[in-house]
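Asks: kindly return the folded structure for what I paste below:
(chains A and B)
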There are 2 protein chains.
Amino acid sequence: MGKNVGILAMDIYFPPTCIQQEVLEAHDGASKGKYTIGLGQDCMAFCTEVEDVISMSLTVVTSLFEKYGIDPKQIGRLEVGSETVIDKSKSIKTFLMQIFEKSGNTDIEGVDSTNACYGGTAALFNCVNWVESSSWDGRYGLVVCTDSAVYAEGPARPTGGAAAIAILIGPDAPISFESKIRGSHMAHVYDFYKPNLASEYPVVDGKLSQTCYLIALDSCYKQLCNKYEKLKGKQFSLSDAEYFVFHSPYNKLVQKSFSRLLYGDFLRNASSIDEVAKEKLGPFSTLSGDESYQSRDLEKVTQQLAKPLYDAKVQPTTLLPKQVGNMYTASLYAAFASLIHNKHSTLAGKRVLLFSYGSGSTATMFSLQFREGQHPFSLSNIATVMDVTRKLKSRHEFPPEKFVETMKLMEHRYGAKDFVTSKDISLLSPGTYYLTEVDSMYRRFYAKKDGDSKTGTPCENGSLANGQ
Amino acid sequence: MGKNVGILAMDIYFPPTCIQQEVLEAHDGASKGKYTIGLGQDCMAFCTEVEDVISMSLTVVTSLFEKYGIDPKQIGRLEVGSETVIDKSKSIKTFLMQIFEKSGNTDIEGVDSTNACYGGTAALFNCVNWVESSSWDGRYGLVVCTDSAVYAEGPARPTGGAAAIAILIGPDAPISFESKIRGSHMAHVYDFYKPNLASEYPVVDGKLSQTCYLIALDSCYKQLCNKYEKLKGKQFSLSDAEYFVFHSPYNKLVQKSFSRLLYGDFLRNASSIDEVAKEKLGPFSTLSGDESYQSRDLEKVTQQLAKPLYDAKVQPTTLLPKQVGNMYTASLYAAFASLIHNKHSTLAGKRVLLFSYGSGSTATMFSLQFREGQHPFSLSNIATVMDVTRKLKSRHEFPPEKFVETMKLMEHRYGAKDFVTSKDISLLSPGTYYLTEVDSMYRRFYAKKDGDSKTGTPCENGSLANGQ
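Replies: Take a look at the predicted model:
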């Protein structure tokens, strides 16, 4: 069995096309600050007609292989997490097998894991467990989280986003799992779901979804604290992890979530709560669960009390979720990538807690430990490879009219067949995969933007033929 | 880490409604024997409007818990394999969480695994790996394979079927994994897929799908043989496993598949091939792969040569796939259940190879070892609990007109909202869950047929409320 199994390497891709939340806010006639302060979001990425969850995942996997010097033959398991369904039977993983074709490596276990935004976490756990199991054959595991989050016109539209993340799994990792410190909460709820099969848009009850998220958060934290106490013989509190990373539909919910953990510490009488906090929270100690989720006063007091801790323990994780938007399965790992980007030089020896939530619902809170690691699998190299600042800076901001037009086209194209795309790839970076055609049999064709080309002609060997 | 991790217990459910292939053949105006001999199928089960993949999985999990005396609190992981999409985001696993509500156990990892008929195998591997990993907490894993296979009117329609299987996973199992003896083949192909999101029916290229299946079979067998040889220092051949279990879209393909393995043994010059066989296969030794998949002569010769071995090593696995039809993710495990049903008293100490195939494509061949085990987790008790003979005998055969009418109604209901079912549960056994309503928000409501009732009124506490 591998030791210190965990994350060896990561890369992230998000579309270069985005819209500022401030601009969208004004265009939608929303009150000033509704998206930027009310939701806490800065900017939102989206796919244009040449990108989708398959092209984004082809791009990010190819990039990870190149930048870390991974031979496709070294991969023994590939798991995809996604809730953006393009085909109800054929997995995104099978599309990614195109990358492995040349190497002749077809012996790669794993398929797609699905439950809303949680699929990436399920894929991650599956890969880690594989490396720790008797069926591990010494090769790497690879996890891909890829999603395009789009909403019908209306209040949920600014909570979209799009990205793909690739995570390489193996032993002796700079980011390893503390597998015994973990709590899950799984329940049958209808907070956000996609029963309208022909539409890309979900059915969402925003308020219910937020409550379900917080119920799951409380339950997972309680489970995790109980397990920690049994394992270590001492209480767990917010002081026992350096950073907290949350699934981030929008930043405001992350703020609420962190302060909710502080309230949890207060209820468990944990050491992280000082006398001032105890006094301020005293009046809320007898609230029922339901009451506590509804109480605006409690929210205000806990957020105020949690502010300094939030700035230290959460704020460094918020860059990408605020700048790119909700990336569904990739959201939590984009927040985690933000932390590595911001703090890679000081993370070694630290513990971080992650909270993954998928509507429906499935949720887990789990613990990771950092070590510096060995090049290329070091924290500093992961930050270098991800190159977040450059990627954010080189984006193209769309005016709202063009954004709305793009959404309309995408709506029309979802589930459609028999069309070719504009192949306008002027905004894509070299090395990016893009959709060229969906034929009359719904078969999808992709090409790769040539490394040297700025005109957008795909190079011949970058063009991926259909499997059969 | 658990030792001898594998299958502790199983149960199977299939709808009590079915149609004889001979009857359908006549009704469709197909030539006599086209379905019964050409496809090798006897009968086909299907869901009526009161059953679906969710109700079937609720039924089979509840039944397994009751019959083996499992407390819902004892489950630490629940994984579902399915390709019958009712919701693109909310997993079937979350519907099953209703069973655990009363016990207060919400700390259950796992979601749905999806790639055509392979999802159940992915779920199974994930559960087994979990028990062998450092994140295992001592509880059982539970795998559910549930699918309703339906096809548009035409040549593929007789290859439908429906079932749900529940498999309990843990250490010290009567059926354990030989994890190192395993080969996978994953590729990007469009042999069978579901890109028309609004339709329950797949897009199928029957001929291509058969070739892809056989290519994957050859590749997996080769991988497995190579690994066996490295591990054990001797060649693997058909003689080294007592039984071979195949994913069974229709029995004819299983016959072809087994004889294909014999051809593989011939090409590798394995000990299972005697002089007579060598002579008969000699003329085919120089065929290219492609040629060999197309050659009718080769097929004829290999099937003839393989016949005695097929009768001994495969025939005992074919009962349920021939009687129930293609059960997609449940198909392989229904074949495996047939083997236990037929041979439970003589399996101890034997090895069986299983071949799982999901279009798209993903495939794995893997090895299991039998031991008698301890009650309730013994081979004989598994056979008793599954009670296959009674379940097959107590079915209700539909005339073709009524079958076609049912298919039409189901087609209409797929992806629909705002309807109530007839609640005619006269054909269901007591303890069976059934669909009562889909409301205007697409929320699905189920009830359980009372143990004593023959009239079909659900008992009050059997009625499952909507999660929120």
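Asks: who does the longest strand anywhere in chain A pair up with?
Replies: Using DSSP state E, we find that the single longest strand of chain A is strand A:175-186. Note on strand A:175-186: by DSSP bridges, its sheet partners are strand A:6-13 (antiparallel), strand A:362-370 (antiparallel).
Asks: any chance of those in CSV, plus mean neighbour count?
Replies: Just so you know, the C-beta spots here come from the backbone N, C-alpha and C atoms, and that holds for glycine as well. Output for these, formatted as CSV (neighbours: other CB atoms under 10 Å in any protein chain shown):
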stretch, mean neighbour count
strand A:6-13, 26
strand A:362-370, 24
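Asks: let's have those in JSON lines, adding mean pLDDT.
Replies: What follows is these, written out as JSON lines (pLDDT from 0 to 100):
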{"stretch": "strand A:6-13", "mean pLDDT": "98"}
{"stretch": "strand A:362-370", "mean pLDDT": "98"}
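Asks: roughly how far is stretch A:87-103 from the heart of the chain?
Replies: Centroid displacement of stretch A:87-103 relative to its chain, using CA atoms, centre = their mean, to the nearest Å, is 21 Å.
Asks: also stretch A:308-318?
Replies: Centre-to-centre, stretch A:308-318 and its host chain are 18 Å apart (CA atoms, centre = their mean).
Asks: one more: stretch A:262-273?
Replies: The gap between where stretch A:262-273 is centred and where its chain is centred comes out at 28 Å by CA atoms, centre = their mean.
Asks: what's that stretch in contact with?
Replies: Here stretch A:262-273 makes contact (CB atoms under 8 Å, 6 or more residues apart in numbering or on different chains) with A:218, A:221-222, A:225, A:235-239, A:277-278, A:281, A:284-285, A:292, A:298, A:302, A:305-306, A:309.
Asks: selection in ChimeraX covering whichever of the residues you listed are buried, please.
Replies: A single ChimeraX command selects the buried members of those (16 or more other CB atoms under 10 Å in any protein chain shown):
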select /A:218,221,222,225,235,236,237,238,277,281,284,292,298,302,305,306,309
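Asks: so where's chain A uncertain?
Replies: By pLDDT under 70, the weakly predicted segments of chain A are A:1, A:452-468.
Asks: could you look up the SS state of A:N326?
Replies: Classification of A:N326 by DSSP: H, G, I helix; E, B strand; the rest coil places it in coil.
Asks: tally of neighbours for it?
Replies: 28 (other CB atoms under 10 Å in any protein chain shown).
Asks: verify the stated contact: it with A:G161.
Replies: Yes - counting by CB atoms under 8 Å, A:N326 touches A:G161, with 4.3 Å between them.
Asks: joint contacts of the two?
Replies: A:A149.
Asks: contacts for stretch A:393-408?
Replies: Residues outside stretch A:393-408 that contact it (CB under 8 Å, 6+ apart) are A:16-20, A:23-24, A:26-28, A:43, A:45-46, A:48-49, A:150, A:153, A:427, A:429.
Asks: now narrow these to whatever sits close to chain B.
Replies: Among the contacts of stretch A:393-408, none lies close to chain B by the criterion of CB under 8 Å from any CB of the partner chain.
Asks: can I have the buried ones of those residues as a ChimeraX selection?
Replies: The ChimeraX selection below is limited to those of the contacts of stretch A:393-408 classed as buried (16+ other CB under 10 Å):
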select /A:16,17,18,19,20,23,24,28,43,45,46,48,49,150,427
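Asks: the contacts of stretch A:393-408 in helices, which ones?
Replies: A:V23, A:L24, A:A26, A:H27 (DSSP state H).
Asks: and the last one, what is it in contact with?
Replies: Taking CB under 8 Å, 6+ apart as the definition of contact, the neighbours of A:H27 are A:P400, A:E401, A:V404.
Asks: in stretch A:205-225, what's buried?
Replies: Buried residues in stretch A:205-225 (16+ other CB under 10 Å): A:205, A:208-225.
Asks: CA atoms only: put that stretch into CSV for me.
Replies: Provided in CSV are the C-alpha atoms of stretch A:205-225 (Å, rounded to 0.1, in the frame of the first residue of the first chain):
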residue,chain,number,x,y,z
ASP,A,205,-34.7,26.5,-4.9
GLY,A,206,-32.0,29.0,-3.8
LYS,A,207,-33.1,29.4,-0.2
LEU,A,208,-33.6,25.7,0.4
SER,A,209,-30.2,24.9,-1.2
GLN,A,210,-28.5,27.3,1.1
THR,A,211,-30.1,25.7,4.1
CYS,A,212,-29.3,22.2,2.9
TYR,A,213,-25.7,23.3,2.4
LEU,A,214,-25.5,24.6,6.0
ILE,A,215,-27.3,21.6,7.5
ALA,A,216,-24.8,19.3,5.7
LEU,A,217,-21.9,21.5,6.8
ASP,A,218,-23.0,21.3,10.5
SER,A,219,-23.5,17.6,10.3
CYS,A,220,-20.1,16.9,8.6
TYR,A,221,-18.3,19.2,11.0
LYS,A,222,-19.9,17.4,14.0
GLN,A,223,-18.9,14.0,12.5
LEU,A,224,-15.4,15.1,11.9
CYS,A,225,-15.0,16.6,15.4
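Asks: what about that stretch, near chain B?
Replies: Yes - contact of stretch A:205-225 with chain B (CB under 8 Å from any CB) involves A:L208, A:C212, A:S219, A:Q223.
Asks: what do you get for stretch A:55-67?
Replies: No - Stretch A:55-67 is not in contact with chain B by CB under 8 Å from any CB; minimum separation 10.7 Å.
Asks: hey, what's A:E109 bridged with?
Replies: Residues in beta-bridge contact with A:E109 (DSSP bridges): A:R77.
Asks: hang on, it packs against B:S184?
Replies: Yes - using CB under 8 Å, A:E109 is in contact with B:S184, at 5.3 Å.
Asks: overlap of the contact sets of these two?
Replies: With CB under 8 Å, 6+ apart, A:E109 and B:S184 have common neighbours B:T364.
Asks: buried stuff in stretch A:269-278?
Replies: The neighbour-count check on stretch A:269-278 (16+ other CB under 10 Å) flags A:A270, A:S272, A:I273, A:A277 as buried.
Asks: convert it to PDB, retaining C-alpha atoms only.
Replies: C-alpha atoms of stretch A:269-278 as PDB (Å, rounded to 0.1, in the frame of the first residue of the first chain):
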ATOM      1  CA  ASN A 269     -17.800  24.700  24.000                       C
ATOM      2  CA  ALA A 270     -14.500  24.400  22.100                       C
ATOM      3  CA  SER A 271     -11.300  26.100  23.000                       C
ATOM      4  CA  SER A 272     -11.400  28.400  20.000                       C
ATOM      5  CA  ILE A 273     -14.100  30.400  21.500                       C
ATOM      6  CA  ASP A 274     -12.900  33.200  23.800                       C
ATOM      7  CA  GLU A 275     -14.900  35.000  26.600                       C
ATOM      8  CA  VAL A 276     -16.000  37.800  24.400                       C
ATOM      9  CA  ALA A 277     -17.400  35.400  21.800                       C
ATOM     10  CA  LYS A 278     -19.100  33.300  24.500                       C
END
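Asks: burial of the nearest residue to A:D418 once chain neighbours are set aside, as a residue count?
Replies: Of all residues not flanking A:D418 in the chain, A:S440 sits nearest, at 4.6 Å (CB to CB, 6 or more residues apart in numbering or on different chains). Burial of A:S440 is recorded as 8 neighbouring residues (other CB under 10 Å).
Asks: narrow the contacts of stretch A:262-273 to those in strands?
Replies: Per DSSP E, the contacts of stretch A:262-273 never map to strands.
Asks: among the contacts of stretch A:262-273, which are in helices?
Replies: Judged by DSSP H, the contacts of stretch A:262-273 include A:218, A:221-222, A:225, A:277-278, A:281, A:292, A:298, A:302, A:305-306, A:309 as members of helices.
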